[in-house]
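Novice: quick check, what structure comes out for this input:
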Amino acid sequence: MDSVRWSNIKSCQTNCDPKQFWKAIQIWVEKPHVVNRRLAAAVSVGTVFRTSSTVNSAFKELLKNNDTFKDCNKVQEFVNTQLCLDEVNAKEQTNSKVEIELEDLSLLKVSVRKLIPKGIINPNEGTRTNETADRDSTIEIVLLDYTLQSATFVPFHSLEFARCSYRFSLDESLTSLTLSLPADYLEPASSSAAVTRPTSAWLSDTLLPKLAKWACDVDPDTPLSTSHALISVERYSSLYVELKQKYGPKFVKIWPENTDPQKFVYEDVAIATYILLLWEQEREEEKSERKQSFVDLGCGNGFLVHILNSEGHPGKGIDLRSRGIWSLYGPGTNLEECSIIPSDKYLFPDTDWLIGNHSDELTPWIPVMASRSSLHTNYFVLPCCFHDFAGKFVRSNSNQTQYRSYLDFIQEVGEVCGYEVQEDTMRIPSTKRICQVGKRRTKPSPEEHSILDETIQSFISSRCPSKLLNKPITNFSHNSLSSKMMSSKPSVGDPADGVQMGRESSHTSKSNVPRTQTDESTSISSQSQSDICQEQWAKDFQPRSKVEAVRNCSRLSVDFKERIVNDIAFALLRLGGVQTNVEVDELRSAENKVKGQKLWRRGGKMTMQEVVALFDSGMMKQLKNECGGLKTMLKNANQVFEVSGDLVQLRDWSAMSGGTESATKKRKGHKGRTDSKPIKTRQCWFYTHHPDGCPRLTSDCSFAHGVDDVQVPPPMPNKNR
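Specialist: Numbering: from 1, shown residues only. I've put the predicted structure just below:
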């Protein structure tokens, strides 16, 4: 690299110290996919400190081996040998904080990483293209020079690697970040090559400004967050593409639920990929070929269960109500409709893993149920809604977010239950992306397990409000656990035989799982339900209702909703100096006046906090029971209000061209309708209540001006025709 003639291409103004600069470089080294969206990840091969002469010698040796560049693995092996990376443990060399030792300033810090492109499917063949084959992954050496405050990136594509390198440096005044390229920089020959070997334009216009922003904004002492730390990122990239193509398009097309298939289908594909790799690694560690069994508690649409079953893992999903899509999976997917109450009736001694994927009120119970099921049962949870053992979770540390506090609580539950809990961030389209994996540290004796169970029960008792807790498993290790539970692993025959519920077997074979189950086959008898209530581990625990309650404010009484709307609207008008205690007709402009000459006053603006202060605690409590509360109420009344962030004001229809949103958007079920004239089924609030009336003429308003203007909607088309 000494022979490279560097040219300064572009500089960005910045104001950072060296530690911030190196932190920005660290982000690009460890997490390049946050900028380059065509990359799946960068895998660290190793990090060492070497002299400049040692590095240059390695480069010269590499130039003598042209065949090496034909295979990414050969490049990696060669670099390992030349830089003696095999003698260094990369994990020990990598520190999440930027720490520069004085004795290292004379050396180059050499980081070797493997850039992995995202998988791309060939639509004609349904297979991965050469664009994502292993040979198109790229080994890249990063040279960090703490003396010159520069970072040089050398991708090994070919013998021309020196011409493909690029460098970022911080000037002595600490006010400018500069991109430098070789004078004869070799641009990538194709779009696919540019994934791991960027163009000069992308480096100067995208990456350089991003590094400058990071250097100004980041805290150098804050550790970098990582994703997919518990699995092979490279393996995940390839498996996810395979499963996405195998299951995604089909179910997106036939998805019958009222949820977005693009989100829920591919989110579950990503979760399934992650879990399958966790299990794959576990089999490798235990030198076993037997695929793990599972039970997914609160399985919802059951798509995760379908994928896991289809990939050969015995198990089932349980949810308190069936979904329409259950009938589309086929007999190979095992799903049960059942309400689970944490008790000794709901143990799974023949199951390797319990899964809680957004399992709501069951989430804190899953580590407990896994621990009490058997000594070999592990668990995976993806916490979402904040539930304690019996009721809503309340954080105790105000310095943490509610989400972080809840994750710490779920981790504490796992540790109390005797698990080593590992946390990881998943790559899914959700704000709740952090999962926890609980595995046994040791296998205690029956006596030790009995003590552990008493500790668990004590912990549950400390968090339940009424303290009315049963302790049904005092002799847990002797009665509830059969001798086979004390063995290292159960034997598994038919896939459905890998799960058991309660003390009595309730196996469901693949051939006889009904897709639409009757009440007799799914509900618990009143006597059985009574027994469970007597034995449940927390009497305050309340499972969700089988019938999903509508909580979007639509079920509130008409009078209640009218009072809320009117009180807020009149308060906004008064805030703008408009009288609201005079008869409307006295102040209203004549309807036949030209619209442009009408005086219409919008009133003022209020924050959500000010709106809340208008109502007493009883009304607010009634609104709080609805999803979204007051904000949902205001958005439902979008004819009257405009909500922008935290501000509320009256909607000004005079400022809008044409009809309302009802006229411009095609309504569901009326796709064939071509006319844009709305059907006036509701009265205009402004015509009825606003002192200035409606800012629109009757012919222009999408809502009825008076009772005589109300129209009857046409009948819905017959779908059976």
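Novice: and the strands in the stretch 251-400 of the chain?
Specialist: 294-297, 315-319, 335-337, 353-357, 378-382, 387-388, 391-392 (DSSP state E, counting those that start in this stretch).
Novice: with the stretch 551-700 of the chain instead?
Specialist: 606-607, 641-644, 647-650.
Novice: for the strands of the stretch 251-400 of the chain, which one ends up most surrounded?
Specialist: strand 294-297 (a mean of 28; mean count of other CB atoms under 10 Å). (C-beta placed from N, C-alpha, C; glycine too.)
Novice: one step back: just say which of the strands of the stretch 551-700 of the chain is most tucked in.
Specialist: Burial of these is given as mean neighbour count (mean count of other CB under 10 Å); strand 647-650 ranks first at a mean of 19.
Novice: how about residue 405: what's its closest non-neighbour residue?
Specialist: Distance criterion CB to CB, 6 or more residues apart in numbering; nearest residue to residue 405, sequence neighbours excluded, is residue 395 at 3.7 Å.
Novice: how about that neighbour, what does it touch?
Specialist: The contact partners of residue 395, by CB atoms under 8 Å, 6 or more residues apart in numbering, come to 402, 405, 406.
Novice: quick one: which of those residues is nearest residue 681?
Specialist: For these, the residue nearest residue 681 by CB to CB is residue 402; the value is 40.8 Å.
Novice: for residue 224, see how far away that closest one is.
Specialist: Computed as CB to CB, to the nearest Å, the residue 402 to residue 224 distance reads 23 Å.
Novice: residue 375 now?
Specialist: As judged by CB to CB, residue 375 and residue 224 stand 36 Å apart.
Novice: what does residue 21 give?
Specialist: On the measure of CB to CB, residue 21 and residue 224 end up 15 Å apart.
Novice: between those two, who's got more neighbours?
Specialist: Taking neighbours as other CB atoms under 10 Å, residue 21 and residue 224 compare with residue 21 leading, 27 against 13.
Novice: show the model's pLDDT score for the more buried one.
Specialist: On the pLDDT scale, residue 21 is placed at 93.
Novice: do I have it right that it meets residue 149?
Specialist: Yes - judged on CB atoms under 8 Å, residue 21 makes contact with residue 149 at a distance of 6.7 Å.
Novice: what residues are shared contacts of these two?
Specialist: With CB under 8 Å, 6+ apart as the test, residue 21 and residue 149 both reach residue 170.
Novice: returning to what we had before: and the residue nearest to residue 405, how far from residue 386?
Specialist: Between residue 395 and residue 386 the computed distance is 8 Å (CB to CB).
Novice: pull up the overlap in contacts between these two.
Specialist: Counting by CB under 8 Å, 6+ apart, the shared contacts of residue 395 and residue 386 are 402, 406.
Novice: find the least confident helix or strand in this protein, judged by mean pLDDT.
Specialist: helix 519-522 (a mean of 38; mean pLDDT, DSSP states H and E).
Novice: got the residue ranges for the helices in the stretch 351-500 of the chain?
Specialist: For the stretch 351-500 of the chain, applying DSSP state H, counting those that start in this stretch gives helices covering 365-373, 402-416, 446-463.
Novice: tell me the most buried of those helices?
Specialist: Most buried among the helices of the stretch 351-500 of the chain, counting by mean count of other CB under 10 Å: helix 365-373, with a mean of 27.
Novice: export it as CSV, just CAs?
Specialist: Output in CSV follows, covering the C-alpha atoms of helix 365-373 (Å, rounded to 0.1, in the frame of the first residue of the first chain):
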residue,chain,number,x,y,z
TRP,A,365,-44.9,-17.3,32.8
ILE,A,366,-43.0,-19.0,30.0
PRO,A,367,-39.7,-19.3,31.9
VAL,A,368,-41.7,-20.6,34.8
MET,A,369,-43.6,-23.1,32.7
ALA,A,370,-40.4,-24.2,31.0
SER,A,371,-38.6,-24.7,34.3
ARG,A,372,-41.4,-26.7,35.9
SER,A,373,-42.0,-28.8,32.7
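Novice: report all helices and strands that it contacts.
Specialist: Using 3 or more CB pairs under 8 Å, 6 or more residues apart in numbering; DSSP states H and E as the contact test, the elements touching helix 365-373 are strand 353-357, strand 378-382, helix 402-416, strand 419-425, helix 446-463.
Novice: recalculate using a threshold of 6 Å.
Specialist: Counting contacts by 3 or more CB pairs under 6 Å, 6 or more residues apart in numbering; DSSP states H and E, helix 365-373 is packed against strand 353-357, strand 378-382.
Novice: residues making contact with that helix?
Specialist: Defining contact as CB atoms under 6 Å, 6 or more residues apart in numbering, one finds that helix 365-373 is touched by 342, 347-349, 354, 356, 377, 379, 381, 413-414, 417-418, 438, 456.
Novice: so the spatially closest residue to residue 39 that is not a sequence neighbour: helix, strand or coil?
Specialist: In space, and not counting its chain neighbours, residue 39 is closest to residue 33: 4.4 Å by CB to CB, 6+ apart. On the three-state scheme (DSSP: H, G, I helix; E, B strand; the rest coil), residue 33 is labelled helix.
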